[in-house]
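K.L.:
Just need the structure, nothing else, for what follows:
(chains A and B)
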Amino acid sequence: MSSAEVDRFLYREAWLLDHDRLDEWLTLFTDDAVYWVPLKANQREPLTTASLIYDDRRLLEIRVRQTTHPRAHARVPLPRTVHQVTNVQVVADDGRELTVTSSLVMIEYRKERQRVWGGLVEHRLRRTDAGLRIAAKRVDLVNSESELDGIACLF
Amino acid sequence: MPAHLAVRDAVENNTAGMPTLSADDIARLVEPDRVHRAVYTDPQVFELEMDRLFARAWLLLGHESQVRHPGDFFTTRMAREAVIVTRHADGSIRALINRCAHRGTTVCDATSGTTRQFVCPYHGWTYGTDGALESVPFADGYDPSAVGRSDLALAKVPRVDDYRGFIFASLADDGPPLLEFLGHLRTSFDDLVDRAPTGQLEVAGGVFKHAYRGNWKLVLENHNDTVHPAFVHASSIWAAREQSKSDADGYGEIAVRQMLQNGAPAELWEGTGLWVAPYGHSFMADYHTDSRLVTGLDHPVFQEYRAALEHRVGAEAASRILAMSRWNSIVYPSCSFMSQFRQLRIVHPLAVDRTVVYAYSFRLGGAPEQMFRDTVAFANVVNGTGSPVLTDDLEVYERAQHGLATQRSEWVYLGRGHGGDVRDEYETWRGKTGTSEIHIRNQLAAWVNYMTDET
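P.N.:
Model (predicted):
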C-alpha cells in the first residue's frame, strides 16, 4: 500500500463530504464500521463515556438518511464545508488493516455563521476486494469538551 | 442617590440608559393563556431575572458524588456568579464565589479536582476549602492582619442544602427552605435515588455542554412539551423507521428505539400524565410504552438488576420503586432530569438570547454495568451535542428566538389545555391531557411571582 494511495482515499472521502455526496461517503464504510467523535480528550472507550457522536453502521445510515428529509430542521440546508486533510501518516499495518492518522481543519458554514473545527483523526482502513474501506474513524476535536452549539456537520 | 451610587446601580444592574420595569409592567407581560415576547427577548428583563429569579430560587449545582471527599471541588455558575462547590475538611459542602477578595481574580481555574487550598494566581492570596483567607504574602503590609478577616474571605453563597445527595444553593439569605421549595418534586428525586441497589448514585460518563442562541426558558418549556416530538423530530423518526430492522440488541438499539418513540401516536401523548407544582416545577409520567426504554420488563439485564434491588430493599419495595413511571421532571428554573435513563440537565442562562445546558449521566450503584452503557447510549442520542435528535431541538429554539425578535406580533399563545387543568393531590395540578401547556403556564406564573417581588 503506497502512501499516495492512502492520501488519495482520504482526499476522496473529504471531497464526498464537501460535495454533499453522503450516500457515496457511506459506501466507504464497512458493515461493522464505527464513526466516533469523542466527548473527552484522550477518551479511552465509547461505551461508558458519552460521545459527541458515536455511530455504528446502523446509526450512521440513519444520520445520513435524516439529511434527506424535508423537515430535517438542523440539516436543511446542510452546512457547507471544506475539509482540509493534512499530515497523513500510516502508523500501523497488520496486512488486513492500516491505521492512519491525519490532521483535519474544517470550515463549516450555515445560516450566517461560520465555524472552524480542528481535529486529530485516526482511520482504520481495511483492505477489501473493493479497495480500502473505513472500519473505524475517530475524530478528536480540539474543543470537544467546551460549550458547543449543536453539531449537524460530519467530520 | 449620590452620583457614584447611581453609576454603580446602573453598572451592576446593566440598566444604564434603560427605563426601569415596574412590578406592574412585569405582571402585564404574562396573562393566563399568553405571554409577551419581551419575556424571551428583552435584555432588561433578563437582567432582572438574574437578580430576582436566579439570585433567589434554589438552583441545582450538582451531586454529592462530584465532591465525595474533603478537598474535592467543582466549579459552576449561579446567575451571574462564578461558583466553586467544595467539600470542606469537616465534611460539609460549601458554595463559594470564585473571586479573590484582593484584586478580583478567579482563584480556581479547573472545572473539578481535589485541593487543600485555592491560591490566587495573581498575588498568592490563599484560601481554605471553606473560603477562609489562610495566608497572604507580604503580610506585614497589612495592619491589622488580613489573614482570618471575614470580609477578605471568599464570599459565600448564603444557603446550601441537599436533597438525597443533590446539592442546591440559593444566593438569597432568606426564602423558602429547600424541602418546601421542592414540594412534591421530591418524589422525582426519590425515584432516581431509590432505583440504585446500593442507594448511591454517581455522576459518570462525561458532561455534554450544549449551547444555543435562544432564551433559557425555551429548553425548560420543551422538556414537558409532548406535541413537539412529532414535528421537531420528524426527520429522525422517519430515518429510524426507514432503517432495516435488526435483531441485535447492541449499542445502537437504545438510540433507534428512542427515535421511534418520538413518533408515538397522538393518543399516547394525550394519555401521558403531566403534573405541575408550586414554584414552577412539573413532571411527566406514564409516557413510554417501549419495554426496552422503560425499565425493560423482561430483558435479562433488567432481571439481574431487579434481583440486586430486591436483595437490598425486598421484593415489595422493589416493585413499588420500579412501578414509578416518571419521565422528565423540571425543577424550575435550573434543571430537568429523568430516572429511567438517569439523565440530568442543568440550564445556565448566559444572556437573553444565549443559553448553555450541561447534561449529566448517573450510574446506579450496584446495578449491572450494562445499564450504565444503556445510559450512555441514551445520553448520546438525547443529549449529545451531535445527536440527530437534540440538534433539531436546538435549531428550533433558535428559530423561536429569531421569530420572537420580530415586533409586529407581541404575544406567545399558551392556550392548549387552558381551563381544563384539574387540581390533584400533593398541591399539584394535572394537565387536562398530556399535551396541555400547563407546565409553561405554571412556569410563567412562578416567574411573575419572583419577578414582581421588589424586596
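K.L.:
May I have the residues that are in contact with the closest residue to chain A within the stretch 151-300 of chain B?
P.N.:
The stretch 151-300 of chain B approaches chain A most closely through B:S235 (3.6 Å), counting by CB to the nearest CB. C-beta coordinates here come from the backbone N, C-alpha and C atoms, glycine included. Counting by CB atoms under 8 Å, 6 or more residues apart in numbering or on different chains, B:S235 makes contact with A:Q66, A:H69, A:R71, A:A72, A:H73, A:R75, B:P388, B:D392.
K.L.:
Farthest pair within those?
P.N.:
Spanning the widest gap among those are A:R71 and B:P388, at 12.8 Å by CB to CB.
K.L.:
if we can go back for a sec, make sure the residue of the stretch 151-300 of chain B closest to chain A is indeed in a helix.
P.N.:
Yes - under DSSP: H, G, I helix; E, B strand; the rest coil, B:S235 sits within a helix.
K.L.:
Do you know the pLDDT at it?
P.N.:
B:S235 carries a pLDDT value of 98.
K.L.:
Counting neighbours, which bits of stretch B:252-268 end up buried?
P.N.:
B:G252, B:E253, B:I254, B:A255, B:V256, B:R257, B:Q258, B:M259, B:L260, B:Q261, B:N262, B:A264 (16 or more other CB atoms under 10 Å in any protein chain shown).
K.L.:
That one near chain A anywhere?
P.N.:
Yes - part of stretch B:252-268 sits near chain A under the criterion CB under 8 Å from any CB of the partner chain, namely B:G252, B:A255, B:V256, B:M259.
K.L.:
The first one contacts A:L60, doesn't it?
P.N.:
No - if you go by CB atoms under 8 Å, B:G252 and A:L60 don't touch, sitting 9.3 Å apart.
K.L.:
Let me know how buried residue 56 is, in neighbour terms.
P.N.:
I'll assume chain A. 20 (other CB atoms under 10 Å in any protein chain shown).
K.L.:
if you could check chain B rather than the one you did, that'd help
P.N.:
For B:R56, using other CB under 10 Å, the count is 21.
K.L.:
So it, which state does it fall into?
P.N.:
coil.
K.L.:
what about the residue located most distally from the centre of chain B, distance to B:A132?
P.N.:
The C-alpha centroid of chain B is most remote from B:D140, which lies 45.9 Å away (CA atoms, centre = their mean). According to CB to CB, to the nearest Å, B:D140 stands 20 Å off from B:A132.
K.L.:
so B:V35 is in which element?
P.N.:
In this assignment (DSSP states H and E), B:V35 forms part of strand B:34-36.
K.L.:
so after that strand, what's the next helix or strand?
P.N.:
Criterion used, DSSP H and E; the element after strand B:34-36 is helix B:38-41.
K.L.:
moving C-terminal of that following helix, what's the next helix or strand?
P.N.:
helix B:43-49.
K.L.:
Output the below-cut-off pLDDT ranges for chain B.
P.N.:
Along chain B, the parts satisfying pLDDT under 70 run over B:1-19, B:288-297.
K.L.:
For it, which residue occupies the most central location?
P.N.:
By CA atoms, centre = their mean, the mean C-alpha position of chain B lies nearest to B:C335, the distance being 1.6 Å.
K.L.:
List the residues that contact that residue.
P.N.:
Applying CB under 8 Å, 6+ apart, the residues near B:C335 are B:L59, B:L60, B:L344, B:R345, B:I346, B:V347.
K.L.:
Could you do B:Y305 as well?
P.N.:
B:P197, B:T295, B:L364, B:A367, B:P368, B:M371.
K.L.:
same thing but at 7 Å, please
P.N.:
B:A367, B:P368, B:M371 (CB atoms under 7 Å, 6 or more residues apart in numbering or on different chains).
K.L.:
Check the secondary structure at it for me.
P.N.:
helix.
K.L.:
how close does the closest residue to it other than its chain neighbours sit to B:H63?
P.N.:
Distance criterion CB to CB, 6 or more residues apart in numbering or on different chains; nearest residue to B:Y305, sequence neighbours excluded, is B:A367 at 5.0 Å. Distance of B:A367 to B:H63, computed by CB to CB: 16 Å.
K.L.:
Also A:L16?
P.N.:
44 Å.
K.L.:
Strands along the stretch 101-250 of chain B, start to end?
P.N.:
Using DSSP state E, counting those that start in this stretch, the strands of the stretch 101-250 of chain B run over B:112-114, B:117-119, B:126-128, B:133-135, B:159-163, B:166-170, B:201-212.
K.L.:
Mind putting these into a markdown table with mean neighbour count?
P.N.:
Output for the strands of the stretch 101-250 of chain B, formatted as a markdown table (neighbours: other CB atoms under 10 Å in any protein chain shown):
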| stretch | mean neighbour count |
| --- | --- |
| strand B:112-114 | 15 |
| strand B:117-119 | 18 |
| strand B:126-128 | 21 |
| strand B:133-135 | 18 |
| strand B:159-163 | 17 |
| strand B:166-170 | 23 |
| strand B:201-212 | 22 |
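K.L.:
In terms of secondary structure, what does the lengthiest helix in chain A contact?
P.N.:
Criterion DSSP state H: the longest helix present in chain A is helix A:3-18. Helices and strands touching helix A:3-18, by 3 or more CB pairs under 7 Å, 6 or more residues apart in numbering or on different chains; DSSP states H and E, are helix A:22-27, strand A:80-93, strand A:97-110.
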